[in-house]
Structure formats: C-alpha cells, structure tokens
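Peer 1: I'll drop the sequence and a predicted model, then ask my questions.
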Amino acid sequence: MKHHYLKNVVTLQLDDDKCNGCGVCLNVCPHGVLGSEEKKVQIVDRNACMECGACAANCPFNAITVNAGVGCAAAIIKGALTGREPSCGCGENCC
Amino acid sequence: MITGEGASKSCCGRGLSAVEEQMSSCIQTPAGAHWSKGTIDTPSGKVLKISTELEFRDISGSWKARWGINRMRYTVPPGLYGVDNPDNTSPVFVTANYKMSFDRLRKELAGLNAWIMVLDTKGINVWCAAGKGTFGTAELVRRIAAVVLSRIVSHRTIILPQLGAPGVSAHEVRRQSGFNVVYGPVRASDIKAFLKAGMKATREMRTVKFGFVDRLVLTPVELAGIWKPVAIIAAALVIAAMTGLVTVTFSGLYPFAGAILMGAVVAPVLLPWIPGRAFSWKGWLMGFLWTLAVLRLHGGLAQTGTIWNMSALLFLLPAISAFLTMNFTGASTYTSLSGVKKEMRFAVPVIIVLAVAGIGSWLIGRF
C-alpha cells in the first residue's frame, strides 16, 4: 500500500530547461515521485514526495530544488524551542 | 581494520596523522569484537575480516537499541572491513557506523567476497545520517582517502545504500575522489539480486515501503521516548495521593494508559487504514474511540460521576493520543517537512485547547 501524506504542500521544483534527462534523480527517489518521458524527467506523484532532498543533491545540473528537511514533529518542536533548524538533533531519542 | 595511512600500525595512538586524529575514527579497537574473524593483508595494511552470521547478541542488541537502551553507543568503528576473501576486483559497500546498519549489510553479504567501508556517522543509521549530512559527500571522500581505497581495489566503483543519497552528491564524490557512486537497493536483502542484474536496482528495490511490521518495530522507540514524562506525572500523582489531594486508583489510570497505547502503538500500526491524512487526526480518532469504550465500560454518566468528569476524559484522552501519533511522523518514512509543519500549525493549538479544556473540566468537576 502506498502511503500519501498531506496534499499540495511539498516544495519540490523541477527546472525543465536545466534537466538533461540523465535520470540520476529517478534512481535515488525513495517514493517514485519522478518519472521520465522522452528523455525529460517529470514529477509524476508530487504528493508522495517527502522532501528528503536526494534528487536535488544528486542532480549534476541543479535542475531540482526542494526545501529538504526532516518531516518529524518532535524535531520541529525542538527546533522552535531552541530557535534552530529542525533536525533529528539526537539526544537518546531520535529517528 | 584500516582507518588510515597508519593502519598497518595499531589503530589508536601511534602513527596517525593530524587529519586522522581529527576524524576521531579510533573509538575502540574492534579486534576482539565477536563479529571479527582474523585479518586480511592488503596493499594498505591489515583489514579486519568479519563474520556474515548474526549471533544472538547481535539480535538482542538490536532489540535493546529499539527500546532506547544504549542506543547512541551502538556503534562500529569507522574504517574498512573485508568479507570472506576479497581482492582488488571485489565490490565495495558503504554503510553507517550504527551497528544495526552494519549488521544488516554483513548478513546479506554471506557467500560474497566484498569490502565494507564504514563511515563515521556518529552511530546514526544511514537514512537519518544522510539527512543530517554526516553520511555525506565530505565524510565519504575523507574515508576513501583515509583507508587508501585506491590501493585496495583496482576498479573505481563504490556501492552506497540508496537511502544515503540525501547526504551525498554522486557527481561531487567522483570529482573529488575519482570514485563512481552507484546507488544500491534500499534494502540490504536485495543486494544479491542487484549485483546479479549488473548493479541495477529495479523500481521495486528503489522504493521505501512502510508496512505493518516496519511500523510495529518502530513503536517501542515512541514508548521509550515518553517514558520520562509519564514517570514524572506518575511521581506527581503519587505525591498528590499521599497529601490526600487526589485518590489514585486503577480505574482512574487505565484510561490514560490506554490513550498512550492508542497514540503511540495502535494508530501507528493501523496508520494506512485509519481514514484521513494528518497523523494527529488519526491519533485523535483512535483516542476518541478508546474514550467512548472507556465511558461505556464505566457505565456512562451514572458511574463517571458528573458530566464534568465525562467531558474531561473526552477532551483530554484523544488529545494525548493525537499528540503521540503526531510524533510518529518522525518515525514514518513518507512525511515531508512542509507537510508536518502544516499539520502542526493546526494540530498543536487544537491539542493545547483540548488539553486545557480537559483539565479545566476535571477541576470544575472536583470543586
């Protein structure tokens, strides 16, 4: 069963002009968010994106941008309390 | 084990360059570790040979880590290791120095000749470390140089777990180290099929699932995480009971224990079958159903005393479950930062209002 979280919130952006269709991003996406057609990559399941940032980090052409981070409520609470970016800022309990 | 140029000497203390000391890779010497079985001579020194069989203590160690026992010290020293009789043509697998990550990998390499390069991820698993960047381009490039991988293998390919990709830029690794990164399957159990297919992972191998069992094994961490606040509240109740302010009874406490279980275990396990998308909503719904069951068990209004007691439970219990399930977003494998932020903007104020209303109702009912 494929999980889907909230709709229409993710920050994933693909720049068609920069993409040369190498497909590295397809290989690193853990949720099948990207697909390719006629040597161009496309976003085929946007709502399945978890903003891990693997595609953007591995795109040699900087064609993908995403505000990557941890989708973790505890990290966001901790970040809000300490004024830092949310991160699994491990004490004994983290992801 | 090789941790660097000085590796032919003993690991810690002698013969290490300043750079290596900064890497602080020598946490302990693993020579006596139960999973090591001898050494392999290589052009860059002796490499520890490791077993591919998991023993009882490996499995029990995993369970302890899942319950939060000794979790942050469940590590393997970073460096290079050998499986069976690897040579300069053998594949190189990269993993994190969380022992559970290391164990999963070595178990699946049984029957292969291979190298394992363990990165220093501060004892964090591959995916989380990649998110933080400790399983990342910089550490990978540094480790390739430190173990002098170019002298050990004649090929220039390293296989990374796909879930390490958020921290790594494959093109940068190639530019800085000369090694080509190939992303392997998500699950170590697919490694042999991946190698057989000529280092190609199918779409299936590339997809993260989050099935019933995956969710179930993560619930102990949730429970372990709330152990402390629960203990504090319990201690406060005991003290309050001694002063005679409140009476603590089993029938007064089990509704709360149930709400915790609903939020931290039942809702996570039943996740995809509970309608809706937001985790806090799913938790709230489970907590609400539980509260209805509790009220029914108590014989409804007649037994719970007053309308105030009843509304206290209806406000408070589902709010506890909602909060705990919202926290499971961190353990889940598909929630985005943007999504969780959006959920929390709504859920956190609602949970606070419900909790205040619940406690308020209880106080009104008492006095």
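Peer 2: Nice, I can see it.

Peer 1: strands of chain B, start to end?
Peer 2: Using DSSP state E, the strands of chain B run over residues B:36-42, B:45-50, B:79-83, B:92-95, B:114-118, B:157-160, B:180-183.

Peer 1: what's in contact with the first one?
Peer 2: Looking back up the chat, that one is strand B:36-42. B:2, B:30, B:46-51, B:82, B:85-86, B:151-152 (C-beta atoms under 8 Å, 6 or more residues apart in numbering or on different chains). For the C-beta atoms, the positions are set from N, CA and C on the backbone; glycine is no exception.

Peer 1: in three-state terms, label the residue positioned nearest the centre of chain A for me.
Peer 2: What sits nearest the mean C-alpha location of chain A, by C-alpha atoms, centre = their mean, is A:E51, with 2.3 Å. Assigned with DSSP: H, G, I helix; E, B strand; the rest coil, A:E51 falls in the coil class.

Peer 1: could you dump the contacts of strand B:36-42 to CSV with pLDDT?
Peer 2: Formatted as CSV, the contacts of strand B:36-42 follow (pLDDT from 0 to 100):
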residue, pLDDT
B:I2, 48
B:P30, 55
B:K46, 85
B:V47, 86
B:L48, 87
B:K49, 87
B:I50, 86
B:S51, 83
B:G82, 93
B:N85, 91
B:P86, 93
B:R151, 94
B:I152, 94
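
Peer 1: what's the closest of these to chain A?
Peer 2: Comparing these against chain A with C-beta to the nearest C-beta places B:P30 closest, at 22.7 Å.

Peer 1: contacts only, for the residue nearest to the centre of chain A.
Peer 2: A:10-12, A:66-69, A:71, B:336-338.

Peer 1: okay if I get those as TSV plus neighbour count?
Peer 2: Converted to TSV, these look like this (neighbours: other C-beta atoms under 10 Å in any protein chain shown):
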residue	neighbour count
A:V10	23
A:T11	14
A:L12	22
A:V66	23
A:N67	14
A:A68	19
A:G69	23
A:G71	29
B:S336	27
B:L337	27
B:S338	22
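
Peer 1: how about the residues you listed in JSON lines, adding distance to B:G111?
Peer 2: Below are the contacts of A:E51 laid out as JSON lines (distance: C-beta to C-beta, whole Å):
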{"residue": "A:V10", "distance to B:G111": "41"}
{"residue": "A:T11", "distance to B:G111": "44"}
{"residue": "A:L12", "distance to B:G111": "40"}
{"residue": "A:V66", "distance to B:G111": "39"}
{"residue": "A:N67", "distance to B:G111": "43"}
{"residue": "A:A68", "distance to B:G111": "37"}
{"residue": "A:G69", "distance to B:G111": "40"}
{"residue": "A:G71", "distance to B:G111": "38"}
{"residue": "B:S336", "distance to B:G111": "39"}
{"residue": "B:L337", "distance to B:G111": "41"}
{"residue": "B:S338", "distance to B:G111": "44"}
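
Peer 1: return the member of those nearest to B:A234.
Peer 2: A:G71 (31.2 Å; C-beta to C-beta).

Peer 1: just for chain B, where's the confidence low?
Peer 2: B:1-32, B:68-73, B:245-248, B:299-305 (pLDDT under 70).

Peer 1: what residue is smack in the middle of it?
Peer 2: Centre-nearest of chain B using C-alpha atoms, centre = their mean is B:N125, 6.3 Å out.

Peer 1: out of everything not next to it in sequence, what's closest to it?
Peer 2: Leaving out its chain neighbours, the residue that sits closest to B:N125 by C-beta to C-beta, 6 or more residues apart in numbering or on different chains is B:Y98, at 4.6 Å.

Peer 1: ok, how many other residues are close to the one you found?
Peer 2: Here the number of neighbours of B:Y98 (other C-beta atoms under 10 Å in any protein chain shown) works out to 25.

Peer 1: distance of it relative to B:V269?
Peer 2: Distance of B:Y98 to B:V269, computed by C-beta to C-beta, to the nearest Å: 24 Å.

Peer 1: those residues of the stretch 101-250 of chain B touching chain A, which are they?
Peer 2: Contact residues, the stretch 101-250 of chain B versus chain A (C-beta under 8 Å from any C-beta of the partner chain): B:122, B:124, B:127-128, B:130-132, B:162-163, B:165-171, B:183, B:186, B:201, B:203, B:206-208, B:210-211, B:221, B:224-225.

Peer 1: the residues you listed in helices, which ones?
Peer 2: B:127-128, B:130-132, B:170-171, B:203, B:206, B:221, B:224-225 (DSSP state H).

Peer 1: B:F279 and chain A, how far apart?
Peer 2: 8 Å (C-beta to the nearest C-beta, to the nearest Å).

Peer 1: that residue contacts B:T329, correct?
Peer 2: Yes - counting by C-beta atoms under 8 Å, B:F279 sits close enough to B:T329 to count as a contact (5.2 Å).

Peer 1: so what sits against both of those two?
Peer 2: A:73, B:335, B:343.

Peer 1: list the contacts for the first one?
Peer 2: It stands for A:A73. B:279, B:326-327, B:329-330, B:340, B:343-344.

Peer 1: distance to B:D103 for those - can I get that in a markdown table?
Peer 2: Below are the contacts of A:A73 laid out as a markdown table (distance: C-beta to C-beta, whole Å):
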| residue | distance to B:D103 |
| --- | --- |
| B:F279 | 30 |
| B:M326 | 31 |
| B:N327 | 27 |
| B:T329 | 27 |
| B:G330 | 23 |
| B:V340 | 30 |
| B:E343 | 34 |
| B:M344 | 35 |
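
Peer 1: return the member of the residues you listed nearest to A:N20.
Peer 2: The closest of the contacts of A:A73, once distances to A:N20 are taken by C-beta to C-beta, is B:V340, at 33.0 Å.

Peer 1: Three-state assignment for the nearest residue to A:C59 once chain neighbours are set aside, please.
Peer 2: Of all residues not flanking A:C59 in the chain, A:C25 sits nearest, at 5.7 Å (C-beta to C-beta, 6+ apart). Three-state call for A:C25 (three-state DSSP): helix.
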